[in-house]
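Q: build the 3D model from these lines:
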Amino acid sequence: MKTNRILLVCFLFLGLSQIQAQQIQEYLQIASENNPEVQASYSRFEAALQKAPQVSSLPDPTLTMSAFGRMVETRLGAQEARFSLMQMFPWFGTNNLRKGSAELMAEARFQDFLTARESLFVKVKEAYAEIYKIEKSIEVMEEDLEILDSYRKLALNRFEAGSAPMVNVVKVDIDREELVTRIALMKDELETRKIQFNYLLNREQSAMVEVQDNLQLENDLVIDSSFEDHPRIQSLDYEKQAFEKEIEISKKEGLPMLGLGLDYSIISKRTDANPENNGQDAIMPMFSVTLPIFRKKYKAAREEAKLMAQATEQEKTAMINELNSEAVMLNYEIKKSRQLMDLYDRQITSSNQANKLLVVGFSNANSDFEEVLQMNQDLLMLKIQKIEALANAYKATAKLDYLHFKNDTNANE
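A: Predicted structure coming up:
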């Protein structure tokens, strides 16, 4: 029977943990689907996908139509009208390079979308932790109100027995009034935080926000100095590859464009003679070549692409340094919060013991009531500080998860 009870408790605990994890995941899912900033980022990615068909298409063909006011005489007859059709072709491989560059830029915008989504997740988790901190602080304060009520009753009994002054009751009332005001203010802040949370999720500000009983922290800290797979870094990598293709494109654009066309003339029959093929229309194939003799613009475009690729690589180095710096600080914040929580646990245990001794001492007229109230305030402060340390650790963990987020998806998949 004892073993069965232990197993039941374990299953209930695992089930509760899964429910709590599911709860925050549901909020993250709602935020990713509804948040307009994330939607805008995805729309920019979809817009970037439309660039490739534009830049990889051939130039529009040119159709020229001419009608002669005065007939131009030829051996076979007078020309009545003339039609010319010309299609230009970029140098071989130019369009493929343009398409590849546009697709790489679209991949970069997809990474920007992932960055926006993961940044939103951090904001949601931070707001969630703030709501948790306030709710738990209110619970602790309301429990302390009951303790103060018991102290007031004890002080009043001592006064009625003639063994303590009435000022002790007044001191309890002062502390109690201050605590009631703090609770009221925190409840107002709680409602404000919930409204902000709903705005992050882009839903009705009056929507219910439920918070789990305890924030779950990972046991192991993430220590990783490689950020090559982070969306912010991958975005810069794709941009650099696109600029490198732009260098090749500028070289191709400095080469001639080739044109193929057809010229068709309508010829009327001669009436003064009847030569062979009299009045036969004329068809003439055409070939044209552009002459890219103004080289400055091609050289400038190539130099621009080189500098942009260089700037992107420099920005990537700076970004990796920034991510490493932030990760080091977050690891420290998590470690610090855990150590503080352990310290607060020990202090709360010791303070509870000291508080009980002081209350018993006051009941036996062996200790000052002021010490009882002061110890109670210290105990309340330690409980609230422990809650704050847990919330801080949760927020730091959320940021660290964002820093070490690795994108295994591809925009083309």
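
Q: did I read that right, residue 58 in a helix?
A: No: counting by DSSP: H, G, I helix; E, B strand; the rest coil, residue 58 is located in no helix; its state is coil.

Q: following element in sequence after the helix or strand of the chain with the lowest mean pLDDT, please.
A: Of all the helices and strands that make up the chain, helix 2-34 has the lowest average by mean pLDDT, DSSP states H and E, namely a mean of 60. Per DSSP states H and E, the first helix or strand lying C-terminal to helix 2-34 is helix 36-49.

Q: output that following helix as PDB, nothing but the C-alphas.
A: Backbone C-alpha positions of helix 36-49 (Å, rounded to 0.1, in the frame of the first residue of the first chain) are rendered in PDB as follows:
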ATOM      1  CA  PRO A  36       1.200  41.300 -35.300                       C
ATOM      2  CA  GLU A  37       5.000  41.900 -35.100                       C
ATOM      3  CA  VAL A  38       5.700  38.200 -35.800                       C
ATOM      4  CA  GLN A  39       3.100  38.200 -38.600                       C
ATOM      5  CA  ALA A  40       4.700  41.300 -40.200                       C
ATOM      6  CA  SER A  41       8.100  39.600 -40.100                       C
ATOM      7  CA  TYR A  42       6.600  36.500 -41.800                       C
ATOM      8  CA  SER A  43       4.900  38.700 -44.400                       C
ATOM      9  CA  ARG A  44       8.300  40.300 -45.200                       C
ATOM     10  CA  PHE A  45       9.700  36.800 -45.700                       C
ATOM     11  CA  GLU A  46       6.800  35.900 -48.100                       C
ATOM     12  CA  ALA A  47       7.300  39.200 -49.900                       C
ATOM     13  CA  ALA A  48      11.000  38.400 -50.300                       C
ATOM     14  CA  LEU A  49      10.100  35.100 -52.000                       C
END
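
Q: which positions within that helix qualify as buried?
A: 38, 41, 42, 45, 48, 49 (16 or more other Cβ atoms under 10 Å). (Each C-beta comes from the backbone N, C-alpha and C, glycine too.)

Q: enumerate every residue touching the third one.
A: What that stands for is residue 42. If a contact means Cβ atoms under 8 Å, 6 or more residues apart in numbering, then residue 42 has residue 113 as its contacts.

Q: where does pLDDT dip in the protein?
A: For the chain, residues meeting the criterion pLDDT under 70 lie at 1-22, 68-72, 75, 219-225, 279, 366, 407-413.

Q: which stretches in it count as helices?
A: With DSSP state H as the criterion, the chain has helices at 2-34, 36-49, 51-55, 94-160, 167-200, 231-253, 296-363, 369-403.

Q: report the angle between the last one and helix 231-253.
A: For helix 369-403 against helix 231-253, the angle between stretch directions is 30 degrees (axes from the mean of the first three to the mean of the last three Cα atoms, to 10 degrees).

Q: so which elements touch helix 369-403?
A: Secondary structure elements in contact with helix 369-403, counted by 3 or more Cβ pairs under 8 Å, 6 or more residues apart in numbering; DSSP states H and E, are helix 94-160, helix 167-200, helix 296-363.

Q: between the first one and helix 296-363, how big is the angle?
A: Spelled out, it's helix 94-160. Taking the same axes, to 10 degrees, helix 94-160 and helix 296-363 form an angle of 10 degrees between their directions.

Q: use 522 as the first number from now on
A: Got it, the first residue is 522 from now on, which makes the last one we talked about helix 615-681.

Q: now helix 615-681: how far from the chain's centre is it?
A: Relative to the mean C-alpha coordinate of its chain, helix 615-681 is positioned 14 Å out (Cα atoms, centre = their mean, to the nearest Å).

Q: what of the last one?
A: Per Cα atoms, centre = their mean, the displacement of helix 817-884 from the mean C-alpha position of its chain is 17 Å.

Q: and the angle from it to helix 688-721?
A: Going by the same axes, to 10 degrees, helix 817-884 makes 160 degrees with helix 688-721.

Q: same for helix 817-884, what does it pack against?
A: Taking 3+ Cβ pairs under 8 Å, 6+ apart as contact, the helices and strands that helix 817-884 lies on are helix 615-681, helix 752-774, helix 890-924.

Q: what about residue 915, how many residues nearby?
A: Neighbours of residue 915 under the rule other Cβ atoms under 10 Å: 23.

Q: and what of residue 610?
A: Other residues near residue 610 number 13, with proximity taken as other Cβ under 10 Å.

Q: again, but for residue 913
A: Residues lying near residue 913 (other Cβ under 10 Å) number 18.

Q: over to the one 5 residues further on?
A: Summarising burial for residue 918: neighbours were counted as other Cβ under 10 Å, giving 22.

Q: could you chop the chain up by domain?
A: According to automatic domain parsing, the chain comprises the domains 547-575+615-776+817-924, 579-610+779-812.
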